[in-house]
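> below are the sequence and a predicted model; questions follow.
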Amino acid sequence: MRTTPQTAPPLGLYLHIPFCAAKCAYCDFYSLPHSEDQMAAYISALCRHLAEVSPQAARHRVDTVYFGGGTPSYLGSNRLVRLLQTVKTLYHVASDAEVTLEANPDSIGDRKSLRALRRAGFSRVSLGVQSSDDDMLRRIGRIHIWPQVCAAAEAIRGAGFDDLSLDLIYGLPEQTMSLWQQTLRDAVSLEPDHISAYGLKLEPGTPFFRQQSTLSLPDDDVQADMYLWAVDFLTRNGYRQYEISNFARPGHASRHNLKYWHMEEYAGFGPGAHSDFGGVRYAYARDLDGYIAGELQLSESSEILPTERSQEYVMLSLRTVEGISRRRIEHGYRRPFAPLESLLQTYASHGLAEATVDGWRLTPQGFLVSNQIIGAILEAMGQDEACRLEKTARGDFRIV
């Protein structure tokens, strides 16, 4: 493995794995079920792409690597180990790098294959659970059942992983408050180090989006109650909220996802992958065949202007419990803070925001309406039109 000084600028790598056993009814990620025959060619293309980009990262220290999808665990341990070994050969990977694998309970593999992943350098597993109710899992298109989640968690711990994250979804069709509460209790009983709790979004192009007129969904008030109950319950059980949808035990926040919130550099690989690297934001086209053929077509690319960074800072930081800093806005971005503070004081009077030592942050109630608050603050900063920021990682976020 190549080495580089600790003072080198950090870089995160995101490897998109577009394969999965089945497409869930709510999923709008770029994933392709029944494409197993293309796995070998895709691994070769991904390794080639990693080699092509590596000279641009020669002066960087890779401190996080994230295998997202799709279902990366569906590749199997041998292919995953090969990919990580390629990364370590081509890039300066820190000895304490966080290496995350997204996995589904049905494809996580046995303890032997998990130990192979752990020996290779994988340090964190993010398990797609969504619900502990088997009927609900079938309803949303998941192919695992709750006993498989329990077995997977036990195998992951038994293989030596000290970082286990569980993904959950609330606001699902026919999901009651009691069902959501039971899912949270069941999840916490497995003693994960990190929990992500996402509200269901009906994304265009998904089966749920097409069926929305026939779906029995919890209304906005019920979903808000579900969210606030989760915040309170997880906090009482030792999980500190650090972002709208993310909770972690001390020292177990996702270092890779924090790169997005903190506007650090990351490079994405694979069709549909996004990057913010070298002062340019870009994304690759969602085209598996073209990618395998070596046609790295960009679906978007733009140089990041200094003025855009202040907008991003507000949009991203207000999604975290840290919030925004007066000093950073006034001294780092040379923008007046007074118009923002006046607006945030108004939100504070409604229980939606609160002052910090050097700025402001949103409360859990404020997080529920964060898109509207962020839009108003951007307008107060002098923006003429609504801003949209879209990034891809697991824990995808979209602000409109």
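Received, thanks. Numbering: from 1, shown residues only.

> count of residues packed around residue 118?
Other residues near residue 118 come to 19 when the count uses other Cβ atoms under 10 Å. (Glycine included, C-beta is placed from N, CA and C.)

> hmm, who's touching stretch 366-384?
Stretch 366-384 is contacted from outside by 224, 227-228, 244, 310-311, 314-315, 318-319, 335, 339-340, 342-344, 347, 351-353, 362, 386-387, 399-400, using Cβ atoms under 8 Å, 6 or more residues apart in numbering.

> got a ChimeraX select line for the buried ones in those?
Of the contacts of stretch 366-384, the buried ones go into a single ChimeraX selection, burial set by 16 or more other Cβ atoms under 10 Å:
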select :224,227,244,310,311,314,315,318,319,335,340,343,344,347,352,353,362,387,399
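
> so which residues of the stretch 201-350 of the chain form helices?
Taking DSSP state H, counting those that start in this stretch to define them, one finds helices in the stretch 201-350 of the chain at 207-211, 220-236, 255-261, 288-292, 306-317, 326-327, 338-349.

> in a markdown table, list those helices along with distance to residue 8 and mean pLDDT.
Below are the helices of the stretch 201-350 of the chain laid out as a markdown table (distance: least, Cβ to Cβ, whole Å; pLDDT from 0 to 100):
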| stretch | distance to residue 8 | mean pLDDT |
| --- | --- | --- |
| helix 207-211 | 44 | 94 |
| helix 220-236 | 35 | 97 |
| helix 255-261 | 15 | 96 |
| helix 288-292 | 29 | 96 |
| helix 306-317 | 21 | 88 |
| helix 326-327 | 26 | 94 |
| helix 338-349 | 34 | 92 |
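
> from the ones you listed, which stretch is densest packed?
helix 255-261 (a mean of 23; mean count of other Cβ atoms under 10 Å).

> helices and strands around that helix, which ones?
strand 10-17, strand 61-69, strand 93-103, strand 240-243, strand 266-269, helix 306-317 (3 or more Cβ pairs under 8 Å, 6 or more residues apart in numbering; DSSP states H and E).

> now do 6 Å
Contacts defined by 3 or more Cβ pairs under 6 Å, 6 or more residues apart in numbering; DSSP states H and E place helix 255-261 against strand 61-69.

> would you quantify the distance from residue 270 to residue 264?
With distances taken as Cβ to Cβ, to the nearest Å, residue 270 is found 20 Å from residue 264.

> same drill for the two, tell me which one is more crowded.
Shown here are residue 270 and residue 264; by other Cβ under 10 Å, residue 270 has more neighbours (23 against 17).

> what pLDDT does the nearest residue to that one once chain neighbours are set aside get?
Nearest residue to residue 270 in three dimensions, chain neighbours excluded: residue 16, at 3.2 Å (Cβ to Cβ, 6 or more residues apart in numbering). pLDDT recorded at residue 16 is 98.

> quick check: residue 230 touching residue 197?
Yes. Residue 230 is within contact range of residue 197, at 4.9 Å (criterion: Cβ atoms under 6 Å).

> quick one: contacts for residue 173?
215-217 (Cβ atoms under 6 Å, 6 or more residues apart in numbering).

> how many neighbouring residues does the residue nearest to residue 270 have?
Using other Cβ under 10 Å, residue 16 has 27 other residues around it.

> show me where pLDDT drops low in the chain?
1-6, 383-400 (pLDDT under 70).

> re earlier: what bridges to the residue nearest to residue 270?
Residue 16 has these beta-bridge partners by DSSP bridges: residue 68.

> that one and residue 274, how far apart?
Noted for residue 16: a distance of 9 Å to residue 274, by Cβ to Cβ.

> next one: residue 371
From residue 371 to residue 274 the distance is 20 Å (Cβ to Cβ).

> and those two? which has more neighbours close in?
Neighbour count, other Cβ under 10 Å: between residue 371 and residue 274, residue 274 has more, with 22 against 14.

> would you map the helices across the stretch 51-200 of the chain?
Using DSSP H, counting those that start in this stretch, helices in the stretch 51-200 of the chain cover 77-90, 111-120, 134-139, 146-158, 177-189.

> distance to residue 278 added to those, as JSON lines?
Listed next are the helices of the stretch 51-200 of the chain as JSON lines, based on distance: least, Cβ to Cβ, whole Å:
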{"stretch": "helix 77-90", "distance to residue 278": "17"}
{"stretch": "helix 111-120", "distance to residue 278": "28"}
{"stretch": "helix 134-139", "distance to residue 278": "42"}
{"stretch": "helix 146-158", "distance to residue 278": "35"}
{"stretch": "helix 177-189", "distance to residue 278": "39"}
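
> state the distance from residue 157 to residue 225.
Distance from residue 157 to residue 225, by Cβ to Cβ: 33 Å.

> one more: residue 14?
34 Å.

> how many neighbours does residue 46 have?
24.

> wait, which of the helices of the stretch 51-200 of the chain is closest to residue 258?
Checking these against residue 258 by Cβ to Cβ gives helix 77-90 as the closest, at 19.6 Å.

> now do the closest one: which elements does it pack against?
helix 39-53, helix 111-120.

> next, the buried residues of the longest one.
Okay, so that is helix 39-53. For helix 39-53, by 16+ other Cβ under 10 Å, it's 39, 42-43, 45-47, 49-50, 53.

> and if you look at the last one?
Using 16+ other Cβ under 10 Å as the test for burial, helix 111-120 gives 111, 113-118, 120.

> ok, now stretch 130-149?
130-133, 136-137, 139-142, 144-146, 148-149.

> closest one of those to residue 280?
residue 130 (34.6 Å).

> out of everything not next to it in sequence, what's closest to the closest one?
Per Cβ to Cβ, 6+ apart, closest to residue 130 is residue 169, 4.8 Å.

> contact partners for the one you found?
130, 198, 200.

> let's go with 7 Å and repeat that
Going by Cβ atoms under 7 Å, 6 or more residues apart in numbering, residue 169 touches 130-131, 198, 200.

> would you list the residues you listed in JSON lines and tack on distance to residue 191?
Formatted as JSON lines, those follow (distance: Cβ to Cβ, whole Å):
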{"residue": "130", "distance to residue 191": "19"}
{"residue": "131", "distance to residue 191": "18"}
{"residue": "198", "distance to residue 191": "21"}
{"residue": "200", "distance to residue 191": "26"}
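
> from those residues, which land in strands?
130, 198 (DSSP state E).
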